[in-house]
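Engineer: After the sequence you'll find the predicted model.
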Amino acid sequence: MSSASEQGTVREARAKERAAPEGPAPAVNGSRRAVARVAPTRPVWPGAPTPLGARFKAGPDGVAGTNFALWAGGAEAVELCLFDTEGGGVVETRCPLTELTHEIWHGFVPGVRPGQRYGYRVHGRWDPWTGARWNPAKLLLDPYARAVDGDFTLPAEVYGHVRDWPQQHVADTVRDDRDSAPYVPKGVVVHDDAPDDEWADDRRPKTPWADSVIYELHVRGFTKLHPGIPEELRGTYAGLAHPAALEHLVRLGVTAVELMPVHQFAHEDHLLRRGLKNYWGYNSIGYFAPHAAYAASGTAGQQVGEFKRMVRALHEAGIEVILDVVYNHTAEAGELGPMLSLKGIDNRGYYRLQPGDARRYADYTGCGNTLQVVQPHVLRLITDSLRYWVTEMGVDGFRFDLAAALARSFHDVDMLSPFLAVIAQDPVLRRVKLIAEPWDVGSGGYQVGAFPPLWTEWNDRYRGAVRDFWRGALPDVRDLGYRLSGSSDLYAWGGRRPYASVNFVTAHDGFTLRDLVTYERKHNEANGEGNRDGSDDNRSWNCGAEGETDDEGVTALRRRQLRNLMTTLLLSTGVPMFVAGDEMGRTQRGSNNAYCQDNEISWVDWGLRDEPGWRELFALTSRLMELRHRHPVLRRRAFFSGRAHSADGLRDLAWFTPRGTEMTEADWYAPAATLGMYLSGRDIPGRDARGVPVADDSFLAILHAAEQPLDFVLPGPPWARSYEVVVDTALEEQEAPPGTVHRAGAAVTVPGRSVLLLRVGHA
């Protein structure tokens, strides 16, 4: 509870607010004038409590209108606010929702059609000390809004408390009674039966997990500079659906795009004050609405159809769509954050509050708040949103940001939590691709390898081991062996498979692949945070010079290292993922935290694809993808056993030293910069669709991270009689297989810092 002095401060503040004269009418979203008047109430019929949100339909006696339903458990009253433009101004019509069913306020408003802009005002107690933060002066976005018109600019009026109150220790307890409606976006009623809802002609690729290659991209950043996309479509969903964008994805050979957040999001106040914006989008506020700024066709509901057409175009190209979703927190931040939606609907019902201090938020995300997923209505919000994006928007899966926060019960991460249990039994969601970022920032939040079957995980232990090996910082090769072969130490339990591991060397968060071999220190000065933001644990090596250089020797080494990293990734067992532009040397100029850089720092530079040096990297990546798609031994559906399955003693997986001998226990623990990995193609578990046992070529991959060349003795019978070179990363040109054949038992010279992939011959 508050102290007597703090309560007195609050009373004094409210008295000053009541005495203050009203100022001039401000602008609506920075352009139109404020609400000119509040129109008389329109008739509201009882309607229905389900489905939640705004649904246009035929009401009683066939009268067309929209049913509105909002869960607001502890509220005392709810007003639906409709916004229309008249005479250059905006008119707000307030409609009290008087029907209350199971904590859902609802009503049917005849005559309200698609395109109508709306929001809510929710009444209740203002007592932050107990977590109650109702403030009807703040217009709130419907959590189920399917489209959002406008952008969040976050002036002081958008905060439920007096943002700039001088006594900071009680600032969030002083209620701000100024109207926020002129400054906030509105929800838009969407036509559910529009032509874009027809999916009869859609063909989902349904790519098996083991055959998947994921390409992480940003809708705006991927298309913004593409010369083949019309300028008016760049940076949009329509731009990503354009044939020029699809051509690159098909030519590259990826099977799925993982879109960085496309839920409606808001920009943080501290960024707006510095003239920046949130570029990545990990600040969601509308879990059903495609982010309006990525639409070329309009924001009054048109963004929904445009998104669907994008998904359909990708499907036609054989590419799945996975969404990076942020259900762990919202853009409302902590107690000093803005009041945009859930905070004003029912703060205590939606957010985790600190035990014993309900004024403050439990923060397992590092973003100020954490959704209270154990509450049934919050869990319903999340699962309704997920099902909507699958069934009505056509997506094929989800990557869950900070998924450990969603798996927390009342405090600890719990793999039997309500969220994971609901997903496991849901007939829609259990069939799509589910990827966990298996950690959060709270105590016990690191859960790599712990998620249950059905789930795959971002495997950061793969990232660390591969980076360390190629920069010469891995003391031995034990960990690398596990990572290359599917991370059985993490995932070989409970029926999980090698594709439970999403292998990656780079992601949106951190250096690009090119920067990983160009910088040893982060360079985030453009963010305006004194270069304090971003990780200091980059595990990078600049090859002898910090930043870009004209030194041809350094440049050649960097390109070779890029080829090594990409080759390692695409030859590893598991699901490979890389970031848009890594296949052609995209750079962020040393930034490892470009979350607020909506400019050339983050956008894909398409000129690189045809630039000497980088076009060869693209060609190698495409060739490796084709190799992976063609050879099931590189896409195993079961873990290696390491045992012999035939009389000749040939095992499905074997490891070799440069002497051509199998590695012993002592070899695994000894310092080493070279590893030979033998993959047998005749011991692949499983059968094809017709029941025929799967068989493939066998391969020997030699990874050599030391600077000096090395003579590697090629294993003799029964492993092989000859070896044909398929990939040699020491060569920049990789248009055709090198084709050189070596006899078994011969010593082949492996150039310094290179990968040699050889096809095994038994004749």
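Structural biologist: Noted; the coordinates are in hand. Numbers count the residues shown, from 1 in each chain.

Engineer: which stretch of helix or strand covers residue 724?
Structural biologist: Secondary structure assignment for residue 724, by DSSP states H and E: strand 722-728.

Engineer: Against which helices or strands is that strand packed?
Structural biologist: helix 614-630, strand 741-743, strand 754-761 (3 or more CB pairs under 8 Å, 6 or more residues apart in numbering; DSSP states H and E). C-beta here means a position set from N, CA and C on the backbone, and glycine is covered the same way.

Engineer: Give me the contacts around the second one.
Structural biologist: Looking back up the chat, that one is strand 741-743. Strand 741-743 is contacted from outside by 714, 721-725, 748, 758, 761, using CB atoms under 8 Å, 6 or more residues apart in numbering.

Engineer: In the next helix or strand after that strand, which of the residues would be classed as buried?
Structural biologist: Once the chain leaves strand 741-743, the next helix or strand it forms, by DSSP H and E, is strand 747-750. Buried residues in strand 747-750, counted by 16 or more other CB atoms under 10 Å: 748, 750.

Engineer: before we move on, what about stretch 643-656?
Structural biologist: Of all the residues in stretch 643-656, those buried under the rule 16+ other CB under 10 Å are 650-656.

Engineer: could the helices and strands packed on strand 722-728 go into TSV alongside mean pLDDT, distance to residue 442 and mean neighbour count?
Structural biologist: Converted to TSV, those look like this (pLDDT from 0 to 100; distance: least, CB to CB, whole Å; neighbours: other CB atoms under 10 Å):
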stretch	mean pLDDT	distance to residue 442	mean neighbour count
helix 614-630	96	37	19
strand 741-743	95	53	14
strand 754-761	97	39	23
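
Engineer: possible to save these as a markdown table with distance to residue 543?
Structural biologist: Formatted as a markdown table, these follow (distance: least, CB to CB, whole Å):
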| stretch | distance to residue 543 |
| --- | --- |
| helix 614-630 | 15 |
| strand 741-743 | 29 |
| strand 754-761 | 14 |
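
Engineer: which one of those lies closest to residue 558?
Structural biologist: Smallest distance to residue 558 across the helices and strands packed on strand 722-728 (CB to CB): 10.6 Å, for helix 614-630.

Engineer: tell me what that closest one is packed against?
Structural biologist: In terms of contacts (3+ CB pairs under 8 Å, 6+ apart), helix 614-630 is packed against helix 243-252, helix 552-571, strand 722-728.

Engineer: do you know which of those lies nearest residue 46?
Structural biologist: Smallest distance to residue 46 across the helices and strands packed on helix 614-630 (CB to CB): 47.6 Å, for helix 243-252.

Engineer: Run the angle between the closest one and helix 614-630 for me.
Structural biologist: Between the axes of helix 243-252 and helix 614-630, defined by axes from the mean of the first three to the mean of the last three CA atoms, to 10 degrees, the angle is 60 degrees.

Engineer: residues of helix 243-252 that come out buried?
Structural biologist: Applying a neighbour-count criterion of 16+ other CB under 10 Å, one finds 245-246, 248-249, 252 buried in helix 243-252.

Engineer: now stretch 265-280
Structural biologist: Residues of stretch 265-280 classed as buried by neighbour count (16+ other CB under 10 Å): 265-269, 271-272, 276-280.

Engineer: And the strands in the stretch 401-550 of the chain, which stretches?
Structural biologist: Applying DSSP state E, counting those that start in this stretch to the stretch 401-550 of the chain gives strands spanning 433-436, 455-459, 501-504.

Engineer: and these, which is most packed in?
Structural biologist: Highest mean neighbour count among the strands of the stretch 401-550 of the chain (mean count of other CB atoms under 10 Å): strand 501-504, with a mean of 26.

Engineer: Pretty sure residue 209 sits against residue 498.
Structural biologist: No: Residue 209 is beyond contact range of residue 498, at 9.2 Å (criterion: CB atoms under 8 Å).

Engineer: Comparing those two, which residue is more hemmed in?
Structural biologist: For residue 209 versus residue 498, neighbours defined as other CB atoms under 10 Å are more numerous around residue 498 (24 against 17).

Engineer: residues contacting that one?
Structural biologist: Applying CB under 8 Å, 6+ apart to residue 498 gives the contacts 210, 485-488, 491, 573-574, 636-639.

Engineer: Can you lay out these as TSV showing neighbour count and distance to residue 225?
Structural biologist: Formatted as TSV, the contacts of residue 498 follow (neighbours: other CB atoms under 10 Å; distance: CB to CB, whole Å):
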residue	neighbour count	distance to residue 225
210	18	34
485	23	39
486	28	37
487	26	36
488	17	42
491	24	38
573	28	35
574	28	32
636	25	38
637	17	39
638	16	43
639	20	42
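
Engineer: hmm, back to that, just the buried residues of stretch 265-280 now: which is nearest residue 374?
Structural biologist: residue 265 (24.3 Å).

Engineer: just so I have it, where are all the helices in the stretch 351-500 of the chain?
Structural biologist: Counting by DSSP state H, counting those that start in this stretch, the segments of the stretch 351-500 of the chain that form helices are 376-391, 403-406, 418-425, 460-470, 478-484, 488-491.

Engineer: I am finished for the moment; much appreciated.
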